[in-house]
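Undergrad: sequence and predicted structure below; questions after.
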Amino acid sequence: MELLHNLQGNIACYGPEVFAFNLPAPQTCRPTKWCIANCYTQSIHLNKLHREERYKISLSKEFPNLIIKEIKRKRIKLVRLHSTGDFYSQNYVKKWIKIAENCPDTFFRTSTRRRDLNRDISKLNKLKNFVVRESLDPSRLKPSMDLPVVAVEGTPVTGKFFRCRIDCNKCNYYCWYHKTNILLPIFYNKKDEKFLIPYL
């Protein structure tokens, strides 16, 4: 199966250049109270079976080489990691370090709530082609990781955060190439009768 899938046409308008690697949230996330109440993975149309299969493959020793080969074969320039799911182990973070180091012309972006893996995730963020942001929300107000921050709208934050436009083409993929703090707007999904954040 293809491990990286194109995100064009989803909630957030990434454009055809962006591919994603997603995992199932229950097995990998450490959700805050806000996450539990507002988890968008229950509302968006992502293939749950494929996420489960990707999770199993990510546990294997072959995983880094499979991703590296796919990136090079497809000539992928931008990878969104964990639109759903999160880092789940030290070994898994190290696999992404190997991937990024072997794909220097590809830029990777993700966010995380896994403070327990801070040391290794910080190493990942120090790579020139990888941006990892710590996720903040109304139930987790203060950052504690050595990372830039992404905060959902309504979270008290300090400083001048870059406000996401929900369309990567409009800002020329700014947050992929700059390790800046991001403010993520929330929109109302009439179909599911709830507020959602775009999976950025």
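TA: Structure received. Numbering: from 1, shown residues only.

Undergrad: ok, how many other residues are close to V93?
TA: 20 (other CB atoms under 10 Å). Using the backbone N, CA and C atoms, a C-beta is placed for each residue, glycine as well.

Undergrad: begin at 251 from here
TA: All set: I'll call the first residue 251, so the last point we hit is now V343.

Undergrad: and it, what does it touch?
TA: By CB atoms under 8 Å, 6 or more residues apart in numbering, V343 lies in contact with 337, 367, 370-371, 373-374.

Undergrad: what about stretch 382-390, average pLDDT?
TA: Across stretch 382-390, pLDDT averages out at 89.

Undergrad: quick one: low-confidence parts of the protein?
TA: Counting by pLDDT under 70, the low-confidence segments of the chain come to 257-263, 289-299, 408, 436-450.

Undergrad: run a quick neighbour tally on the closest residue to I317 other than its chain neighbours.
TA: Using CB to CB, 6 or more residues apart in numbering and skipping residues adjacent in sequence, the residue nearest I317 is I349, 5.0 Å away. I349 has 23 neighbouring residues, counting by other CB under 10 Å.

Undergrad: go on, P314?
TA: P314 has 19 neighbours, counted by other CB under 10 Å.

Undergrad: and if you look at P266?
TA: Residues lying near P266 (other CB under 10 Å) number 11.

Undergrad: ok, it to K283 distance?
TA: According to CB to CB, to the nearest Å, P266 and K283 sit 37 Å apart.

Undergrad: what's the answer for S394, then?
TA: For S394, the distance to K283 (CB to CB) stands at 17 Å.
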